[in-house]
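Novice: Whatever this is, show me its structure:
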Amino acid sequence: MKIKNLIYTVFLSSVSFCGTAQNTALNKAEKNYNQYAYIDAISIYEKVAENGYKDEKMFQRLGNAYYFNAELTKAAKWYDALFSLNSQQEPEYFYRYAQTLKSTGDYAKSDEMLAAFNEKVKTDTRGVLYQNNKNYLEQIKLNSGRFDISETGINSTQSDYGSAIVNNKLIFASSRDTGTVSKKTFRWTNRSFTNLYAAELKTDGTLGNPIRFQKKINSKFNESTPVFTKDGKTMYFTRNNFLNGKKGKDEKRITLLKLYKADFINDKWTNITELPFNSDQFSVAHPALSPDEKKLYFASDMPGSFGQSDLYSVVINEGGTFGKPENLGAAINTEGRETFPFISAENELYFASDGRPGLGGLDIFVSKINTDLDFGQVQNIGEPVNTKFDDFAFIMDSNTRKGFFSSNKEGGIGNDDIYKFTETRKLNCDKQLVGIISDSDTNEILSTAKVILLDDKFQQIAEVMSGADGTYSFNVKCNQTYYVRAAKKEYETNEAKISIHPTDKSELNIALVKNSKQIGVGTDLAKILEIPIVYFDLDKSFIRNDAAFELEKVLAVLKQYPSMKIDVRSHTDSRQTKKYNMALSNKRAKATIDWLIQKGIAAKRISGRGYGESQLINKCSDNVNCTEEEHQLNRRSEFVIISMQ
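Specialist: Predicted structure coming up:
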């Protein structure tokens, strides 16, 4: 339903088309589009497109019409046609195209579009969030699998969404056909307006048959997303700009959304009043109450918003007056849609957003409310609640961990459906990260090593010393990524990365390499100094710049030990003839020896020759099919110590 999306502001320009009949149809579509009657516009534009007509503006409008009605897969088809016709589009089309590609499962191309979007508008939060969280799918995977979801049995073939609980009943919005003679439709969707319905919450977890909510609340326009005080005596809800038989419109003659309040007196809802911060010129919708009921949260596109809709909060004063609405700020809001807030008893803000890296459409996110307008990390709650489509209107009982959410995902009955769930595991859980520090060569346990825990931004969190048994431990949070750095005298510092999964064992062992390694006659300095195996290019014998860097290591050792003598042994792979390879390896050995002599090492301290393909270290002999990487292993040089005196 369009009401769930708030208002999109679209800027349109007229387009010239050939053909009188086609012009008439498109002019009608243009008018419908400008008045947000998207379904009418789709019908007309698609008839023109089916006749093979291609036009950039038409493809934009077709994509937008489906995008704004949350039919992302269909929108992807037309955005694809748009970018095929002309890839030089305004930045917002890159973002919309990226979102719709997710609905088709093409995350790779979606990421390409997001990267292009970020290049075009480097200050847009949506692009910055993607740029800083390119591993977002990995993080979502870590957060997934925490919910058991099932059907509610109350959904219709139309749209059902946005639930709340009061007096053991689930109250929700529905555009189901009520069977009335006079039936109004919402021009944005060509579907019935939504009214509120109530379904009994039975002790066995099932829901009773939905019945219409009180007539005083339901009007001939849209009602949705109620929230109730704990005592059940006050209700806040969303409705089109309509009160006491009067319909309000903005300067474009569009009827937007407002928040209303009602009181429960003598078993009836009455005293319906609009909240004082409403306006005819912008939408205010989807209320939520803080646990202490002293603050109301909502979504709006009022002036000062970051994006298409932002989340706000407003203080409810004693006596029922309201303070000034405050934007929740850049920690929560983006240039996209933030909507459908819900505040849990644990003071967590759940909300839907399409401005953050997600699975597609609206995803549900959560953030801990630390203090006024100060929020913790925003996290995607993961699958199976979040999907490639719109997932929103999340509510949950913090004690039972049961709740409801809405989605237009595949497999539903209607356009939007309400699902129930049980959270089987909390998102933020505490675990212990343990590990052992050891010597990489001997596997000897290393005590008194300094071990540092860092977050994913490499900020230090904690520091400990490994115990007598080489062990260390840290308290960590689930679904977070950490780095562990270990250091000890006479060893090279080492660092490793770990993501803490709620169900996996959180263990990270770190091996340290000694700074000083024992050498003697027979030692290959190439192994000790970790000189790469790939030393020469194929069929070449000259010293590359990067190879010179590696030879500097050998040079430094020879200078440290003036009496040391080495034997340079050059090897090739099996490609080419044995004669050719022997000659090539001799040239390589000579080039290496000459380089060391030119650097001041006495010629008598260096011997060497080529061995061709006579000492292969793997199966890759003649007529054996091997990869380039396998052949490279045989193309190597050795620096074997033959004397220390």
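
Novice: center of the chain, which residue is that?
Specialist: Nearest to the mean C-alpha position of the chain, counting by Cα atoms, centre = their mean, stands residue 357 at 3.1 Å.

Novice: how close does it sit to residue 338?
Specialist: Between residue 357 and residue 338 the computed distance is 14 Å (Cβ to Cβ, to the nearest Å). C-beta: built from backbone N, CA, C; applies to glycine.

Novice: doesn't residue 47 fall inside a helix?
Specialist: Yes: checked against DSSP: H, G, I helix; E, B strand; the rest coil, residue 47 lies within a helix.

Novice: going forward, begin numbering at 23 instead of 1
Specialist: Taking 23 as the first residue, the last one we looked at is residue 69.

Novice: Kindly tell me how buried it is, as a neighbour count.
Specialist: Neighbour count for residue 69, taken as other Cβ atoms under 10 Å: 14.

Novice: Can you tell me how far it is from residue 80?
Specialist: Counting by Cβ to Cβ, the separation of residue 69 from residue 80 is 11 Å.

Novice: Quick check: chain neighbours aside, which residue is closest to residue 451?
Specialist: Of all residues not flanking residue 451 in the chain, residue 500 sits nearest, at 4.1 Å (Cβ to Cβ, 6 or more residues apart in numbering).

Novice: who touches that neighbour in this structure?
Specialist: Contacts for residue 500 (Cβ atoms under 8 Å, 6 or more residues apart in numbering) come out as 164, 449-453, 522-524.

Novice: For those residues, work out which two are farthest apart.
Specialist: Greatest spatial distance among the contacts of residue 500 (Cβ to Cβ): 164 and 452, at 15.2 Å.

Novice: what about the two, which has more around it?
Specialist: When neighbours are counted by other Cβ under 10 Å, residue 164 and residue 452 differ, and residue 164 comes out ahead with 22 against 10.

Novice: Three-state assignment for that one, please.
Specialist: helix.

Novice: mind listing what it touches?
Specialist: 404, 500-501, 521, 523.

Novice: How about stretch 110-125, which residues are buried there?
Specialist: 111, 113-125 (16 or more other Cβ atoms under 10 Å).

Novice: Please state the offset of that stretch from the chain centre?
Specialist: 16 Å (Cα atoms, centre = their mean, to the nearest Å).

Novice: Stretch 488-508 now?
Specialist: The chain centre lies 26 Å from the centre of stretch 488-508; the measure is Cα atoms, centre = their mean.

Novice: So for it, mean pLDDT?
Specialist: Averaging pLDDT along stretch 488-508 gives 93.

Novice: Tell me the buried residues in it?
Specialist: Neighbour-count burial for stretch 488-508, counted by 16+ other Cβ under 10 Å, picks out 488, 492-494, 496, 498-508.

Novice: And the furthest pair within these?
Specialist: 492 and 501, at 27.9 Å, using Cβ to Cβ across these.

Novice: circling back to that earlier point, among the contacts of residue 164, which are located in strands?
Specialist: residue 521 (DSSP state E).

Novice: Identify the spatial nearest neighbour of residue 346, chain neighbours not counted.
Specialist: Leaving aside its sequence neighbours, residue 346 sits nearest to residue 336 (Cβ to Cβ, 6+ apart; 7.1 Å).
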